[in-house]
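Q: Got a sequence here, can you model it:
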Amino acid sequence: MTRPARPFRRWVTLATAALVATGCGGQGEAGGTTRLAVFAAASLTEAFEALASDFEAAHPGIVVDLHLAGTPTLVFQLREGARAGSVAADVVATADDASMRDLVEAGMVDPPVVFARNRLAIAVPPGNPAGVGGVTDLGRPGLRVALADPAVPAGRYTEEVLARAGVEVHRPSREPSVKAVATRIELGEADAGVVYVTDVRAARGRLVAVPIPGDDVVARYPIAVTAGTEQREAAEAFVAFVRSAPGQEVLAGAGFLAPAGEPVAG
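A: Presented below is the predicted three-dimensional model:
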């Protein structure tokens with residue numbers, strides 16, 4: 001099924017993050033429309049675009065505004081919004097347990113639940129012109145490698161994989177999100193990079209995945225309703241939809257793994 005194009009207002013990225021942080025979410029509109037601000041890790045972009053569209057179709061009168069960025073940026077925005085006395089988000093989904101745990105400990109979110117998992121892969125351009133065959137090749141001198149910054153979950157997972165393989169990457173470019181890594185490779189500015197399996201699938205042929213054999217590093221994605229939301233009923237409904245069979249089908253279609261009954265983060 002072909003999904004309708006997403007309205008521009010729905011996708012707020014790093015360029016407008018500073019404006020978003022101090023008062024965008026949880027406000028109703030005239031005419032009974034409810035705007036639901038959902039903050040989500042950049043690696044969830046395509047899946048949450050589809051989930052938002054399906055959720056709106058099932059819940060007339062609710063408009064989902066997605067705010068997509070690296071997980072540390074999302075956490076920063078939430079904390080800044082709280083300090084400013086405004087509700088910055090109604091729902092938040094991160095790409096790791098640690099970031100969500102910080103929000104739980106700060107009393108900023110309700111108890112979260114893991115709704116999806118992900119794995120890493122090496123991404124290369126079509127045809128793999130640099131002949132990258134595995135993690136060891138990322139240490140080759142002269143190879144242009146893009147990696148997510150260790151401050152973001154994908155970067156930390158990547159550092160773990162490289163450390164286990166005993167590989168040192170020479171002067172990699174460090175990107176603020178895993179999506180930025182994928183973009184650098186697509187633009188021909190890097191020969192290879194480490195991204196999520198879902199990022200390669202989302203590239204629709206513009207990237208090719210080189211598997212990481214034996215990799216047992218699995219990213220876990222928790223989701224939670226924010227403690228200060230003014231749209232609690234709608235927020236809880238969105239979280240329930242993400243965890244429902246139709247929501248999980250969308251996530252599986254994007255390449256995510258099921259949560260497999262894992263415990264909640266925090």
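Q: what kind of secondary structure is the nearest residue to Asp199 once chain neighbours are set aside in?
A: Once flanking residues are discounted, Asp199 sits nearest to Ala182: 4.7 Å by C-beta to C-beta, 6 or more residues apart in numbering. All C-beta atoms are positioned from the backbone trio N, CA, C, and that covers glycine. Under the three-state scheme (DSSP: H, G, I helix; E, B strand; the rest coil), the conformation of Ala182 reads as helix.
Q: For Ala182, which residues are in contact?
A: Ala123, Gly193, Val195, Asp199, Val200, Ala202, Ala203, Leu207 (C-beta atoms under 8 Å, 6 or more residues apart in numbering).
Q: wait, the third one sits on Val181?
A: Yes: in this structure Val195 lies within contact range of Val181 using C-beta atoms under 8 Å: 5.3 Å.
Q: any common contacting residues for these two?
A: Applying C-beta under 8 Å, 6+ apart, one finds that Val195 and Val181 are jointly contacted by Ala123, Ala148, Ala154.
Q: Just the closest of these to His59, please.
A: Looking at the shared contacts of Val195 and Val181 and their distance to His59, the nearest is Ala154, at 31.1 Å (C-beta to C-beta).
Q: I'd like to know how many residues surround that closest one.
A: Using other C-beta atoms under 10 Å, the number of residues around Ala154 comes to 32.
Q: what about it, distance to Ala58?
A: Applying C-beta to C-beta, to the nearest Å, one obtains 31 Å for the distance of Ala154 from Ala58.
Q: ditto for Ala151
A: Look at Ala151 and Ala58: by C-beta to C-beta, they are 36 Å apart.
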